[in-house]
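Student: let's see this in three dimensions:
(chains A and B, ligands or ions: 2)
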Amino acid sequence: MAIRRGRGVAAINYPTGMNLGGDPTQALVHSTPTGNFMVTLSSVDLGQGMKQIMAQICAETIGVPTDRVVIDTADTDTGPHCMGTFASRGTHRAGNAVIQAAKEARQVMLEVAAEELEVNASDLETDGQGNIQVKGAPQKSISIFDVALSAHFKRGRSISGRGMFLIPRSYPEKETGAMKPSTCYAHACTVAEVEVDDETGEVTVLTVKNVFEIGRALNPKMVEQQLVGGSWMGISHALYETTEPYYPNRDHGGTDFNQYLMPGPGDLAQTEITVLERPSADGPFGAKGPGEMCANPQIPAVANAVFDAVGVRIDTLPITPERILRALKAQAAG
Amino acid sequence: MAKVPVQFTLNGSEKAEFIESGTTLLNALRDKIGDTSPKGGCHQGTCGACSVIIDGELRLSCLTLAETCNGADIKTTAGLAEGGVLHPLQRAFLDAFATQCGFCTPGMIMAAKVLLDRTPNPSRDDVVEALSGNICRCTGYEPIIQAVLTAARANSQNAA
Ligand code: FES
Ligand code: FES
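Tutor: Ligands and ions are numbered 1, 2, ... in the order given. Prediction:
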């Protein structure tokens, strides 16, 4: 009986969103009378940073500072339609919709500015600080504040735009079942090192080294935050979490946090994160979806590491001490 | 059920309420007094999201009856900032990106505050131990541990 060490590697391709029914998300953008911009969405920010990213995307597209943008993700009853926040789709799907809406709003904004400055809208540019100026003659400029006032009180224009993301629905081919489930894939690879106690079946994850290819990190600190938390969650899924430990039998499912186990601050593996950026052609500023994707590769990597350590293949999750001991027993029985 | 009077100090100000006998401190704070900084994650003492400080001790407000708090000095995360300036722990949590959905954050900060009040220069193990009764779904804990260590360093620099 001994503590045995193993190392496992796994790589994944992960679709961003899914194209059932075209995976639609819509966005509306409008300016307030003071030249702030509202983005209305039904996509929910559940802590992953949707509001911050959408504000950045909208601000970059219109050409204003990020703090001039307010994100309203209030209500799926009244907001523009969104399929939801899942499948790593938020940044990519809602981001594309916001870019389209923001472009339309920017065009109206430039048209109003052009009337005020008596120039062509195509000769105007934004300075990123809240002003619109004539290309090559920045002294001829107007603040977006004044443009919004003019639109609202003088010219009767709505500085607003509509945007949507929709991809053609893909049906499986009758013969082969082949289909195109998504437009854009993120990638990840994890190497996990574990110790397995072959007497108790207990697994300790010593290190996880993750590489994530996520298109483009629109907010690198928030991406890192997602990836660190996701890597932890992947280990949690690999070793601890389940609502039905004897699925399909529903008995013995955890009913509270005493029984539904997750690793706590004392059970952390040493974690490394590396981000690779290969901008996606159809992503907002090249982004793909890192959210759910990042909690996947740890699971097969840990399973492979357990195999490397004690020579048994556990193909049911989570990889509990019980499953390991049963497999070891079966192995010994030949 | 009969109403009972309770009176305590919450973040330095006197509170007096009539509550249903048997009301938890968590529900009294959130529903009666309007301090929603303690969160109800499990209501049975297993997640730590409802943690508050009662007379200097870390307590789970979901397992504490409000009527047992007469005369107590209660502190919650809502009372940490002074004059619009965040407490060093709050600052450190923000800077370390140690919060995502934020549901665990007030409980984590309360647990960390009790630790730092007693152990101004904690080791990493001290921090892990202090946070071990608090569950976080989002962060993977490491950013939270780092935030607490950073706040401790900031405190000791200020003291020096
Ligand atoms: S709500 Fe009190 S410990 Fe979970
Ligand atoms: S930040 Fe979401 S539970 Fe900790």
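Student: how about the contacts made by the residue of chain A found nearest ligand 1?
Tutor: Closest approach between chain A and ligand 1, counting by Cβ to the nearest ligand atom: residue A:257, at 7.5 Å. The way it works is simple: take the backbone N, C-alpha and C, and place the C-beta from them, glycine included. Counting by Cβ atoms under 8 Å, 6 or more residues apart in numbering or on different chains, residue A:257 touches B:41-42, B:46-47, B:135.
Student: ok, residue B:158 next?
Tutor: Contact analysis of residue B:158 by Cβ under 8 Å, 6+ apart lists residue B:88.
Student: and it, how close does it get to residue B:152?
Tutor: The gap separating residue B:158 from residue B:152 is 11 Å, by Cβ to Cβ, to the nearest Å.
Student: try residue A:4
Tutor: Residue A:4 is 38 Å from residue B:152, by Cβ to Cβ.
Student: out of those two, which sits in the busier spot?
Tutor: Between residue A:4 and residue B:152, counting by other Cβ atoms under 10 Å in any protein chain shown, residue B:152 is the more crowded of the two (23 against 15).
Student: correct me if wrong: the more buried one contacts residue B:113.
Tutor: No. Using Cβ atoms under 8 Å, residue B:152 is not in contact with residue B:113, being 11.0 Å away.
Student: the residue of chain A closest to ligand 1 belongs to a strand?
Tutor: No. Looking at residue A:257 with DSSP: H, G, I helix; E, B strand; the rest coil, it is coil, so not inside a strand.
Student: grab the nearest non-local neighbour of it.
Tutor: Take residue A:257 and drop its neighbours on the chain: the residue closest to it by Cβ to Cβ, 6 or more residues apart in numbering or on different chains is residue B:46, 3.8 Å away.
Student: kindly report the same for residue A:31.
Tutor: residue A:159 (3.9 Å).
Student: enumerate every residue touching the one you found.
Tutor: Residue A:159 sits next to A:30-31, A:105, A:108-109, A:112, A:147-148, A:151 when contact means Cβ under 8 Å, 6+ apart.
Student: what about the closest residue to ligand 2 within the stretch 101-250 of chain A, which helix or strand?
Tutor: Per Cβ to the nearest ligand atom, residue A:229 is where the stretch 101-250 of chain A lies closest to ligand 2, at 8.0 Å. Using DSSP states H and E, residue A:229 falls within helix A:220-239.
Student: which elements pack onto that helix?
Tutor: strand A:185-197, strand A:203-213, strand A:270-276, helix A:298-310, helix B:142-159 (3 or more Cβ pairs under 8 Å, 6 or more residues apart in numbering or on different chains; DSSP states H and E).
Student: go through it and flag the buried ones.
Tutor: For helix A:220-239, the neighbour count (16 or more other Cβ atoms under 10 Å in any protein chain shown) marks A:222-239 as buried.
Student: what does stretch A:49-66 give?
Tutor: Buried, per 16+ other Cβ under 10 Å, within stretch A:49-66: A:49-64.
Student: pretty sure residue B:78 contacts residue B:35?
Tutor: Yes. Between residue B:78 and residue B:35 there is a contact at 5.1 Å, judged by Cβ under 8 Å.
Student: more crowded one of those two?
Tutor: Shown here are residue B:78 and residue B:35; by other Cβ under 10 Å, residue B:35 has more neighbours (20 against 16).
Student: doesn't the more buried one lie inside a strand?
Tutor: No. Residue B:35 is assigned coil when assessed by three-state DSSP, not a strand.
Student: over to the residue nearest to residue B:78 when sequence neighbours are not counted: give its phi and psi.
Tutor: Nearest non-adjacent residue to residue B:78, counting by Cβ to Cβ, 6+ apart: residue B:37, 3.9 Å away. Main-chain dihedrals, residue B:37, degrees, to the nearest 10: phi -70, psi -40.
Student: same thing with residue B:25?
Tutor: Backbone torsions of residue B:25, given as degrees, to the nearest 10, read phi -60, psi -40.
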